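**Q** I would like to see how this sequence folds:
(one chain, ligands or ions: 2)
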Amino acid sequence: MSEARYIMIGGFLGAGKTTAMLRLAHHLVREGRTVGLITNDQSSGLVDTALARANGLPVAEITGGCFCCRFQSLMDAATQLAKESAPDVFLAEPVGSCTDLRASVAYPLRRLYGEQFSVAPLSVLVDPVRSLRVLGLEPGKAFAPKVVYVYRKQLEEADIIVINKCDLVDEARRAKLQEALGREFPRAKIFTISALQAKGMEGWFGEILDGDLATFTAPELDYVTYAEGEAMLGWCNATVKVEGERSVDGNALLRELTVEMQRTLSRQGIEVAHFKMTLAPEEDGGDIGVINLVRGDAEPFMAHTLGAELQSGELILNLRAEGDPEALYGALTDALLRIATEGHKLEVTFEHAERFRPPKPVPTYRMAEV
Ligand SMILES: Nc1nc2c(ncn2[C@@H]2O[C@H](COP(=O)(O)OP(=O)(O)OP(=O)(O)O)[C@@H](O)[C@H]2O)c(=O)[nH]1
Ligand SMILES: [Mg+2]
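**A** Ligands and ions are numbered 1, 2, ... in the order given. The predicted model follows:
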């Protein structure tokens, strides 16, 4: 049996990794290939997994830590997928606050499992609006310097930098960003795409499906600064059941909750990295609502709308923002109380809730050379 392709799509929180991965997955399925998705997060109750399932794709999730720090769980996820659907392409999405994936995942995979996997070049996606701010090319709320350190380290280790969401910026801003990225991270090939609109995907797909992982020495990384940068971000996940006496407009519920969260967090000076929610009716049928907010001053975006009203359903909330996890959790419970309970007269039951700062990353392997 020939080896399976292993493709990792990295990039900061909210850059569009899942959207791009789903595009690639559907592209491959159309070509008759078999795919297996691997989602990953520091905690459980993942919007990304719910999305992959709603797309009808085989998915394994690694929760409770990033796969750089739990390399074995990555192999276990691949084995599980291999048993279920024997994928010839694995698509893995690392946690958006992780870096050093070349040394902690790509090179170890190639060295230790080179007969099983052909490892694709490492892609790092950027949201151009966020990136223009982080790189200091445009004014606007950026993250603390240690978070910016992590952001830049992601770019430094990339084989491919993908400027995603090109539909959001005009040609002059895109060119300004591409020029800066090319100058600061000269090793990477740069592609421009819109994963949402499925534009410009072919060149990038070709490169990750057929190109080679580069073999340069992985960039040095100060794990103390990296850990401090990651820990500046608060994480809050919750899964709640909502139930009413009569049907409600789930799309309005998602929108109002997001606007309420946006207001509260902005009042507290907390910058959102990514706030995402799904709402799926209990009486399944494949309907799902998805909303995202990728910056404090962005417009909430409904990536999928629910086709019908619902009387009961499951809400999954994932919030990552530069602030105290307790404050994030407080904002979330307040918003649920005000909007879901008081506003829409829904009974809200928590099935799962976690809030924390990511722990210090301790990779299973660190191989700076392939
Ligand atoms: N306008 C626009 N929005 C996009 C594009 N690609 C993704 N998005 C939106 O960006 C938001 C975040 O997308 P995701 O795919 O969830 O981002 P991610 O990188 O997987 O996020 P995390 O897993 O939280 O790190 C969603 O609202 C997407 O619809 C794009 O090309 N254009
Ligand atoms: Mg994602």
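**Q** what's the burial count for residue 297?
**A** For residue 297, the count of nearby residues is 12 (other Cβ atoms under 10 Å). No exception for glycine: its C-beta is placed from N, CA and C like everyone else's.
**Q** That one touches residue 140, doesn't it?
**A** Yes. The pair residue 297 and residue 140 passes the contact test of Cβ atoms under 8 Å, sitting 7.2 Å apart.
**Q** and stretch 213-232, what's its mean pLDDT?
**A** Confidence for stretch 213-232, expressed as mean pLDDT, is 98.
**Q** same deal with stretch 267-285?
**A** Averaging pLDDT along stretch 267-285 gives 93.
**Q** Check which residues of it are buried.
**A** 270-281 (16 or more other Cβ atoms under 10 Å).
**Q** so how far is the first residue of it from its last?
**A** Chord length of stretch 267-285, first to last residue, is 39 Å (Cα to Cα, to the nearest Å).
**Q** Now find how far off-centre that stretch is within its chain.
**A** 13 Å (Cα atoms, centre = their mean, to the nearest Å).
**Q** the helices in the chain, which residues?
**A** Residue ranges of the helices in the chain, as given by DSSP state H, are 17-30, 47-54, 71-85, 101, 107-113, 128-134, 145-156, 171-184, 201-210, 223-231, 250-267, 325-335.
**Q** check contacts around the residue of the stretch 51-200 of the chain found nearest ligand 2.
**A** In the stretch 51-200 of the chain, the residue that lies nearest ligand 2 is residue 93 (5.4 Å; Cβ to the ion). Applying Cβ atoms under 8 Å, 6 or more residues apart in numbering to residue 93 gives the contacts 8-10, 17-18, 21, 37-40, 48.
**Q** And the residues you listed, which of them are buried?
**A** Of the contacts of residue 93, these count as buried by 16+ other Cβ under 10 Å: 8-10, 17-18, 21, 37-40, 48.
**Q** Mind putting those residues into JSON lines with pLDDT and distance to ligand 2?
**A** Output for the buried ones among the contacts of residue 93, formatted as JSON lines (pLDDT from 0 to 100; distance: Cβ to the ion, whole Å):
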{"residue": "8", "pLDDT": "98", "distance to ligand 2": "13"}
{"residue": "9", "pLDDT": "98", "distance to ligand 2": "9"}
{"residue": "10", "pLDDT": "98", "distance to ligand 2": "11"}
{"residue": "17", "pLDDT": "98", "distance to ligand 2": "5"}
{"residue": "18", "pLDDT": "96", "distance to ligand 2": "3"}
{"residue": "21", "pLDDT": "98", "distance to ligand 2": "8"}
{"residue": "37", "pLDDT": "97", "distance to ligand 2": "11"}
{"residue": "38", "pLDDT": "97", "distance to ligand 2": "12"}
{"residue": "39", "pLDDT": "95", "distance to ligand 2": "7"}
{"residue": "40", "pLDDT": "93", "distance to ligand 2": "9"}
{"residue": "48", "pLDDT": "92", "distance to ligand 2": "4"}
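**Q** Show me the subset of the residues you listed that also lies near ligand 1.
**A** Near ligand 1, taking Cβ under 6 Å from any ligand atom as the test, the members of the buried ones among the contacts of residue 93 found are 17-18, 48.
**Q** Can you report how many residues neighbour the residue of the stretch 201-350 of the chain found nearest ligand 1?
**A** Nearest residue of the stretch 201-350 of the chain to ligand 1 (Cβ to the nearest ligand atom) works out as residue 292 at 3.1 Å. Residue 292 sits with 21 neighbouring residues when counted by other Cβ under 10 Å.
**Q** correct me, but it touches residue 15?
**A** No. Using Cβ under 8 Å, residue 292 is not in contact with residue 15, being 11.4 Å away.
**Q** Could you measure from the nearest residue to residue 92 once chain neighbours are set aside over to residue 155?
**A** Nearest non-adjacent residue to residue 92, counting by Cβ to Cβ, 6 or more residues apart in numbering: residue 38, 4.1 Å away. To residue 155, residue 38 is 22 Å away according to Cβ to Cβ, to the nearest Å.
**Q** do residue 97 as well
**A** Following Cβ to Cβ, the distance that separates residue 97 from residue 155 is 14 Å.
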